[in-house]
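Trainee: Below is the sequence, then the predicted model.
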Amino acid sequence: MRIKKVLNSSVVLVEDDAHQESILLGKGIGFGQKPGNVIIENQENQVFLPVDNGRSRQILELVNRLPPVMLELAQEIVLDAQRHLNTPLGENLVFVLADHLNFALERIKTGLVITNRVFWEIKSFYPQEFEAGLHAIELVNTRLKVELPEQEAANIAFHLANAQAGSDPDYDAARNAKLIGDIINLVRYSLNRDLNSQSIHTARFITHIKFFVDRFFTDKLLQNDDDLLFEQVRSRYPKELGIALKIKSYLYDKYERILPNEEVTFLVIHIARIARSQE
């Protein structure tokens, strides 16, 4: 693999023997290099992105206007997040994060404060991603001698959650977190009690709601209506059924989608379980 163009000290455009172009990113990878030099791909500390990717041309333009340090920090954050989350992240994430961090620092310099309206939801429902976000802002603050606020951890967590969705272009972590929060709040208010955030039962309940919201937005709702089971839970858990029907009504009012009885049934069961655990 040979260098075709040095974009900056951290990013080079390379070409293989079949003349396939790729973007290679790594700390100091372009330093002292020139076109024609042979370079060895090292997946341990580099990001490799084929140029036939639909966004690659946009990324090349992005690289040309971003300070190299932003790309280096973003790469370090992504590698650390992959270890923390124990999962691969989307190949474009380094560039997305670099652009985000650059804009965040520009906002700080100008005193512009933008409130993250789903901060609490991201922090509560994506705790691992939020923790990785905290590590990220600590790294940026230490390295650049700045003070990114905790809100930025949620913004970074949002990008990390989206990147885990892989090739699904419709996945939106902020949208999902907002609906999860709305459902959790509806349950809390209906039960007239707070849910213990440290409880394993609450964590399990939130996990069930997260999976439900994923099914809702990907059109994979459970459709096998078991009338016998529905009648059983309606008889046994009338209060919890009322809460589930509120959720059904809310989803119809907001998205004009009717929740199948099977999903209502499982909502009742999960609500009943969390209600009993909080008594």
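Mentor: Structure's in. What do you need?
Trainee: Next up, phi/psi of Val14, please.
Mentor: Backbone torsions of Val14, given as degrees, to the nearest 10, read phi -120, psi 170.
Trainee: Next, count neighbours for it.
Mentor: Number of residues near Val14 (other Cβ atoms under 10 Å) recorded here: 21. C-beta coordinates here come from the backbone N, C-alpha and C atoms, glycine included.
Trainee: ditto for His270
Mentor: Taking other Cβ under 10 Å as the criterion, the count of residues near His270 is 20.
Trainee: Surely it is in contact with His208?
Mentor: Yes. With contacts counted by Cβ atoms under 8 Å, His270 reaches His208, the gap being 4.8 Å.
Trainee: Tell me if I'm right that Glu15 and Arg2 touch.
Mentor: Yes. In this structure, Glu15 sits in contact with Arg2. The criterion is Cβ under 8 Å, and the distance is 5.8 Å.
Trainee: out of these two, which sits in the more crowded spot?
Mentor: Neighbours of Glu15 and Arg2, each counted by other Cβ under 10 Å, are more numerous for Glu15; the result is 16 against 13.
Trainee: For that one, give the beta-bridge partners.
Mentor: Listed beta-bridge partners, Glu15: Arg2, Glu21 (assigned using DSSP bridges).
Trainee: do you know how far it is from Met1?
Mentor: Distance of Glu15 to Met1, computed by Cβ to Cβ, to the nearest Å: 7 Å.
Trainee: Now the common contact residues for these two.
Mentor: Common neighbours of Glu15 and Met1 are listed as Ser22 (criterion: Cβ atoms under 8 Å, 6 or more residues apart in numbering).
Trainee: residues near Gln58, how many?
Mentor: 12.
Trainee: Show the contacting residues for it.
Mentor: Applying Cβ under 8 Å, 6+ apart as the definition, Gln58 turns out to have no contact partners.
Trainee: in what helix or strand does it lie?
Mentor: The secondary structure element spanning Gln58 is helix 56-65 (assigned by DSSP states H and E).
Trainee: what do you get for Ile23?
Mentor: Counting by DSSP H and E, the element that carries Ile23 is strand 21-25.
Trainee: Report the buried residues of that strand.
Mentor: In terms of neighbour count (16 or more other Cβ atoms under 10 Å), strand 21-25 has its buried residues at 22-25.
Trainee: Give me the helices and strands touching that strand, please.
Mentor: Strand 21-25 makes packing contacts with strand 11-15, strand 47-50, helix 56-65 when contacts are defined by 3 or more Cβ pairs under 8 Å, 6 or more residues apart in numbering; DSSP states H and E.
Trainee: looking at the ones you listed, which has the lowest confidence?
Mentor: Mean pLDDT across the helices and strands packed on strand 21-25 is lowest at strand 47-50; the value there is a mean of 65.
Trainee: what's the burial count for Glu121?
Mentor: For Glu121, the tally of surrounding residues (other Cβ under 10 Å) stands at 23.
Trainee: Buried ones in the helix or strand where it lies, by neighbour count?
Mentor: In the assignment (DSSP H and E), Glu121 maps to helix 119-125. Counting neighbours by 16+ other Cβ under 10 Å, one finds that the buried residues in helix 119-125 are 119, 121-125.
Trainee: And for stretch 66-81?
Mentor: Within stretch 66-81, the residues that count as buried by 16+ other Cβ under 10 Å are 66, 68-79, 81.
Trainee: same check, this time on stretch 129-141
Mentor: Of all the residues in stretch 129-141, those buried under the rule 16+ other Cβ under 10 Å are 129-137, 140.
Trainee: got these as CSV, with distance to Gln151 columns?
Mentor: Rendered in CSV, the data for the buried residues of stretch 129-141 read as follows (distance: Cβ to Cβ, whole Å):
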residue, distance to Gln151
Glu129, 14
Phe130, 11
Glu131, 15
Ala132, 15
Gly133, 10
Leu134, 11
His135, 15
Ala136, 13
Ile137, 9
Val140, 13
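Trainee: Between those residues, which sits nearest Asn176?
Mentor: Looking at these and their distance to Asn176, the nearest is Glu129, at 12.0 Å (Cβ to Cβ).
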